[in-house]
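Participant: pasting the structure only:
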Ligand code: AMP
Ligand code: ZN
């Protein structure tokens, strides 16, 4: 998607602090971290929101979770604890319309 910020990051047109990449997934540090560890994990294929991800392509969400599990170990929060979340559409707080998961940790998180 040409005018999508995260598609531009995947293509290297906008710089990012990459922490992981494979054929289907890209992960990088959030530019405005809410905690000592704040990563964004995204599918390389563009879907605006989770609502736009077809059931038959939902395997990418499992792949993203596998990557998040490994990144939690790599960034030292697997045992102390961390949060994964996805904001969906306006009232969900979504700002960037390319499916992404936040991995947040490194401090005590409140509800
Ligand atoms: P959301 O509210 O779930 O759409 O979250 C979008 C996230 O993208 C926010 O936490 C932003 O800080 C983050 N973000 C926006 N632009 C960039 C960027 N260029 N590089 C890294 N993270 C970004
Ligand atoms: Zn995109």
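Facilitator: Great, that's in hand. Keep in mind it's a predicted model, so treat the numbers as computed, not measured. Numbers count the residues shown, from 1 in each chain. Ligands and ions are numbered 1, 2, ... in the order given.

Participant: moving C-terminal of the longest helix along the chain, what's the next helix or strand?
Facilitator: Ranked by residue count under DSSP state H, the longest helix found in the chain is helix 59-74. Counting by DSSP states H and E, the next helix or strand C-terminal to helix 59-74 is strand 82-85.

Participant: is the longest strand seen in the chain up against ligand 2 anywhere?
Facilitator: The longest strand of the chain (DSSP state E) is strand 37-43. No. On the criterion C-beta under 5 Å from the ion, strand 37-43 is out of touch with ligand 2, staying 7.9 Å away. For every residue, glycine as well, the C-beta is placed using N, CA and C.

Participant: who does that strand pair up with?
Facilitator: Counting by DSSP bridges, the strands paired with strand 37-43 are strand 25-29 (antiparallel), strand 101-105 (antiparallel).

Participant: now distance to ligand 1 too, for these, in CSV please.
Facilitator: Output for those, formatted as CSV (distance: least, C-beta to the nearest ligand atom, whole Å):
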stretch, distance to ligand 1
strand 25-29, 6
strand 101-105, 6
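
Participant: quick one: average confidence on the longest strand of the chain?
Facilitator: For strand 37-43, the mean pLDDT works out to 98.

Participant: that one to helix 59-74, inter-axis angle?
Facilitator: Taking axes from the mean of the first three to the mean of the last three C-alpha atoms, to 10 degrees, one finds strand 37-43 and helix 59-74 inclined to each other by 160 degrees.

Participant: how many neighbours does the closest residue to residue 14 other than its chain neighbours have?
Facilitator: Excluding its sequence neighbours, the residue lying closest to residue 14 (C-beta to C-beta, 6 or more residues apart in numbering) is residue 8, at 4.4 Å. By other C-beta atoms under 10 Å, the residues close to residue 8 number 16.

Participant: one step back: buried residues in the longest helix of the chain?
Facilitator: 60, 64, 67, 68, 71, 72 (16 or more other C-beta atoms under 10 Å).
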